[in-house]
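Engineer: A structural model of the following input is requested.
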Amino acid sequence: MRKINLLILSFLFTLFAGVAFGQTDRESVGTVMDKWHEAAGKADFQAYFDLMDSTSVFIGTDATERWNKAEFMAYAKPHFDKGKAWNFTSLERNIEFSADGKTAWIDELLNTQMKICRGSGVLEKINGRWLIKHYVLSMTVPNALVDQVVPLKSAEEDSIIEKLNINKNRR
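Structural biologist: Just a heads-up that it's a prediction; the model follows:
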């Protein structure tokens, strides 16, 4: 009986200690995202890219912006070297987890120099550490403004659509 009580006490202590002294996975993922955005605001290139997995992908707001980590680093380096990259702060964030708890996906509304943007991403727990695997940044367009925005981007994006359709038909 005493062994059972000790096991129960040990289990309860471990459970409560984890809650009291450690972060839950939800908090850890939120912290990673906050630190990632903060590192960009401080132009801390190393800290920013250390939070991304080596095989990560970043998709920017422009239809031509899809980079693996090395490509994104090359794109971002001149911005960080100027002493300020971009400054995003989360206004709202949703975090979900896979059944095995090793994958998290997030979506967030961000306050940015482009006004409200939406970020969505996937993080993976690798060796006990959450790393960003995939992130998509999108500018939001209020529905009431769509008819005004589409003409502003049509000429540039029509050429991209044409190029992508040509490439698709070659496959």
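Engineer: where along this protein do the strands fall?
Structural biologist: Along the chain, counting by DSSP state E, strands occupy 52-59, 66-68, 89-97, 103-112, 115-126, 129-139.
Engineer: Residue 34: which of the ones you listed is closest?
Structural biologist: The closest of the strands of the chain to residue 34 is strand 89-97. By C-beta to C-beta, the value is 6.7 Å. Yep, even glycine has a C-beta here, placed from its N, CA and C like the rest.
Engineer: buried stuff in the closest one?
Structural biologist: 93, 95 (16 or more other C-beta atoms under 10 Å).
Engineer: Wait, residue 160 touches residue 153, no?
Structural biologist: No - assessed by C-beta atoms under 8 Å, residue 160 is found out of contact with residue 153, at 9.8 Å.
Engineer: Neighbours of residue 59, how many?
Structural biologist: 17 (other C-beta atoms under 10 Å).
Engineer: which ones are touching it?
Structural biologist: Counting by C-beta atoms under 8 Å, 6 or more residues apart in numbering, residue 59 makes contact with 65-67, 134-137.
Engineer: quick check: longest helix of the protein.
Structural biologist: helix 146-170 (DSSP state H).
Engineer: Which pair of the contacts of residue 59 spans the longest distance?
Structural biologist: Pairwise over these, using C-beta to C-beta, the maximum falls at 65 and 134, 13.5 Å.
Engineer: Between the strands of the chain, which one is closest to residue 78.
Structural biologist: Here strand 66-68 is closest among the strands of the chain (C-beta to C-beta), at 14.0 Å.
Engineer: Show me how far the closest one is from its chain's centre.
Structural biologist: In terms of C-alpha atoms, centre = their mean, to the nearest Å, the gap separating the centre of strand 66-68 from the centre of its chain is 13 Å.
Engineer: Can you list the strands that that strand pairs with?
Structural biologist: strand 52-59 (antiparallel) (DSSP bridges).
Engineer: Tally up the residues packed near residue 60, please.
Structural biologist: 16.
Engineer: quick one: contacts for it?
Structural biologist: Residue 60 touches 66-67, 137, counting by C-beta under 8 Å, 6+ apart.
Engineer: would CSV of these with pLDDT and neighbour count be doable?
Structural biologist: As requested, the contacts of residue 60 are exported to CSV (pLDDT from 0 to 100; neighbours: other C-beta atoms under 10 Å):
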residue, pLDDT, neighbour count
66, 98, 13
67, 98, 17
137, 98, 20
